[in-house]
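S.K.: Below is the structure, and that's it, no one-letter string:
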């Protein structure tokens, strides 16, 4: 007698298929991205932007080290090739600490949903860097979608159907810089040799990001008072920031191992919905009609571009 489980090629974990769990994980990741924005605003009550970056990334690195300690090959880690070490350093600095700093400034100066919409255009910067550094060909349709997404971003940033450069908000500019720098993280991953596994790369990049963010904070003269830790909002923000940084990477890796990359990317666009929900519930943020249309244009462009990249 054949059971239902034996009649399918999809492995089951408990009463759920692995594919269903993977989809659920990416929905959690999408929500986590929006929660990180909430955490940034909570931490801003006691810490300057770069200080909160190194604090939450350092906490996330420590949590991840505990979770992944049995999967790390220390002999490989201490013998990283010089070329890989240079790429990892650029990923941790440009693609992580600087990118997170810019997105933090974006969150503090723009609506959560606007940050999510603009940040969803990261794939376009990844395509651009892939063209420059990986010699990946671009096609006319993709170039057209990039141009269309820029129109949508402009509508979101200026809250107008006829966007003007001078009307761009400060937070939207910072978020656009964050998309440009974060994209290097993904392209840098493609440039690495197979010397390290994904877990080791994630941990090393986060450690580098925490260290470089600390250096940047010291250079900027940022300080903090220990009394800030008695503020429950700050403690909650630190818990969200550290916890989400540690949670997102492992479950995102698991999900993309069991899902098509295009489907996974589309699920992550739910970040925009969560950002809209959290922004309304926690901060009474209302989105205007031009922002809605601009957001639809950006998300549709990213969706269609993901189809082209298959």
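M.R.: That came in fine, so what should we check first? Keep in mind the model is a prediction, meaning the values are calculated, not measured.

S.K.: For residue 60, which non-adjacent residue is spatially closest?
M.R.: The shortest distance from residue 60 to any residue other than its chain neighbours is 2.8 Å, reached at residue 245 (C-beta to C-beta, 6 or more residues apart in numbering). C-beta coordinates here come from the backbone N, C-alpha and C atoms, glycine included.

S.K.: So which elements touch the stretch of helix or strand that neighbour belongs to?
M.R.: Assigned by DSSP states H and E, residue 245 belongs to helix 232-258. Counting contacts by 3 or more C-beta pairs under 8 Å, 6 or more residues apart in numbering; DSSP states H and E, helix 232-258 is packed against helix 18-43, helix 49-68, helix 198-219.

S.K.: So which bits of the longest one are buried?
M.R.: Applying a neighbour-count criterion of 16 or more other C-beta atoms under 10 Å, the buried positions in helix 18-43 are 18-19, 21-23, 25-43.

S.K.: re earlier: can you tell which of the helices and strands packed on helix 232-258 is closest to residue 277?
M.R.: Residue 277 sits nearest to helix 18-43 of all these, at 7.8 Å, using C-beta to C-beta.

S.K.: for that closest one, packing partners?
M.R.: The contact analysis (3+ C-beta pairs under 8 Å, 6+ apart) places helix 18-43 against helix 49-68, helix 99-109, helix 112-119, helix 232-258, helix 261-268, helix 271-283.

S.K.: Now distance to residue 289 too, for those helices, in CSV please.
M.R.: Converted to CSV, these look like this (distance: least, C-beta to C-beta, whole Å):
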stretch, distance to residue 289
helix 49-68, 31
helix 99-109, 22
helix 112-119, 13
helix 232-258, 31
helix 261-268, 25
helix 271-283, 14
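
S.K.: Out of the ones you listed, which is closest to residue 142?
M.R.: Between the helices and strands packed on helix 18-43, helix 261-268 lies closest to residue 142; by C-beta to C-beta that is 14.1 Å.

S.K.: I'd like the average pLDDT over the closest one.
M.R.: Mean per-residue pLDDT for helix 261-268: 71.

S.K.: From here on, call the first residue 238.
M.R.: Yes, from this point I'll number from 238; that puts the last item at helix 498-505.

S.K.: pLDDT (mean, whole number) over stretch 295-314?
M.R.: Here stretch 295-314 scores 90 as its mean pLDDT.

S.K.: How far does it sit from its chain's centre?
M.R.: 20 Å (C-alpha atoms, centre = their mean, to the nearest Å).

S.K.: Stretch 443-452 too?
M.R.: Relative to its chain's centre, stretch 443-452 lies at 17 Å (C-alpha atoms, centre = their mean).

S.K.: now stretch 333-344
M.R.: The chain centroid and the centroid of stretch 333-344 are separated by 10 Å under C-alpha atoms, centre = their mean.

S.K.: what does stretch 284-299 give?
M.R.: With C-alpha atoms, centre = their mean, you get 15 Å for stretch 284-299.

S.K.: Buried residues in it, which are they?
M.R.: 284-298.

S.K.: pLDDT below threshold where in this protein?
M.R.: By pLDDT under 70, the low-scoring segments of the chain are 238-253, 375, 493, 497-500, 545-547.
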